[in-house]
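Enquirer: Predicted model and sequence follow; I will ask about them next.
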Amino acid sequence: MDDSKTEEKGGVSMAKNKMKTNRSAAKRFRVTRNGKVMRGHAYAWHKTGKKKRSTLRRLKKKGKVSKAEKDRVLRLLGMK
């Protein structure tokens, strides 16, 4: 039973090198069941009086994270 990730200490196994979720990333991104990473749009909630309604409707919808950024975001969320 020589497992390099766990260590017995006082009868309780303790995991080493456990990855923490970046909490600020967890509040900003969601991962769908299909594995897509969704994000909110910028410029959606500040100075909305001078923006068109159609622009605000478009900005409210979730956007998809690009392929170039997907691995970085998943690492912050502790999924990779």
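Expert: Nice, thanks for sending it over. Keep in mind that what you see is a predicted model, and the values were worked out from it rather than measured. Residues are numbered from 1 along each chain as shown.

Enquirer: dump the residue contacts of Asn22.
Expert: Asn22 makes contact with Leu76, Leu77, Gly78, according to CB atoms under 8 Å, 6 or more residues apart in numbering. Heads up, the C-betas are built off the backbone N, CA and C, glycines and all.

Enquirer: now with 10 Å?
Expert: Arg28, Phe29, Val73, Arg75, Leu76, Leu77, Gly78 (CB atoms under 10 Å, 6 or more residues apart in numbering).

Enquirer: mind checking the longest helix of this protein?
Expert: For the chain, the helix with the greatest residue count under DSSP state H is helix 67-76.

Enquirer: rewinding a little: any of the contacts of Asn22 buried? List them.
Expert: Buried members of the contacts of Asn22, scored by 16 or more other CB atoms under 10 Å, are Phe29, Val73, Leu76, Leu77.

Enquirer: Read off the pLDDT value for the third one.
Expert: On pLDDT, Leu76 comes in at 96.
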